[in-house]
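J.: Fold the stuff below for me.
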Amino acid sequence: MIKMQSEKGEIIISSAVFTNITGAAATNCFGVKGMAYRSMTDGLVHLLRHEAMGKGVKVTYNDDSSISIELHIIVEHGVNVTAVCRAIMNEVRYVVQQNTGVIVRSVDVCVDSITL
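T.: This next block holds a predicted model:
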């Protein structure tokens, strides 16, 4: 959780807020099929439903009240993976900072699978 102090009181933002905002921002980018989750039992990559997008996001809290985000995604076949990842990084950083006011230090995108 992140605690922010304002003149009217204290604001606490939970991890669920960051994961939901991040998942929604990432899946809205062109070429993204959805968020990915690697199963520990069989080792396969699974496409997550919209209700469970948070499983494909890892948020790390830094000492300077900023966050670092790691995303696991599945992209569509035939897209430029570099361009898609760059668009996701920019979109996630912008949307999270605009909605929460928290500085995003880094956004790491892991492409776990490509679908046909």
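
J.: Direction included, what does the lengthiest strand in the chain pair against?
T.: Longest strand in the chain, counting residues (DSSP state E): strand 104-115. According to DSSP bridges, strand 104-115 forms sheet pairs with strand 67-76 (parallel).

J.: I would like the residues contacting the strand it pairs with, please.
T.: Under the criterion CB atoms under 8 Å, 6 or more residues apart in numbering, residues 2, 18, 22, 26, 31-38, 45, 47, 56-62, 81, 84, 88, 92, 96, 102-115 lie in contact with strand 67-76. From N, CA and C alone the C-beta is placed, and that goes for glycine too.

J.: tell me the contacts of the nearest residue to Asn80 once chain neighbours are set aside?
T.: Nearest residue to Asn80 in three dimensions, chain neighbours excluded: Gly31, at 7.7 Å (CB to CB, 6 or more residues apart in numbering). Contacts of Gly31 were listed using CB under 8 Å, 6+ apart, and they are Val75, Glu76, Val79, Asn80, Ala83, Val84, Ala87.

J.: can you check Ser113 too?
T.: Counting by CB under 8 Å, 6+ apart, Ser113 makes contact with Ala36, Val45, Ile74, Val75.

J.: Dump the residues you listed to a markdown table, plus neighbour count.
T.: Formatted as a markdown table, the contacts of Ser113 follow (neighbours: other CB atoms under 10 Å):
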| residue | neighbour count |
| --- | --- |
| Ala36 | 20 |
| Val45 | 14 |
| Ile74 | 21 |
| Val75 | 24 |
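
J.: What is the neighbour count of Ser6?
T.: 8 (other CB atoms under 10 Å).

J.: Against Thr100, how distant is it?
T.: 13 Å (CB to CB, to the nearest Å).

J.: Quick check: chain neighbours aside, which residue is closest to Asn62?
T.: Counting by CB to CB, 6+ apart, the residue nearest Asn62 is Arg105, at 5.8 Å.

J.: One more: Ile11?
T.: Met4 (4.6 Å).

J.: Doesn't the one you found belong to a strand?
T.: Yes - counting by DSSP: H, G, I helix; E, B strand; the rest coil, one finds Met4 located in a strand.

J.: Please report the distance of it from Asp42.
T.: Applying CB to CB to Met4 and Asp42 gives a distance of 41 Å.
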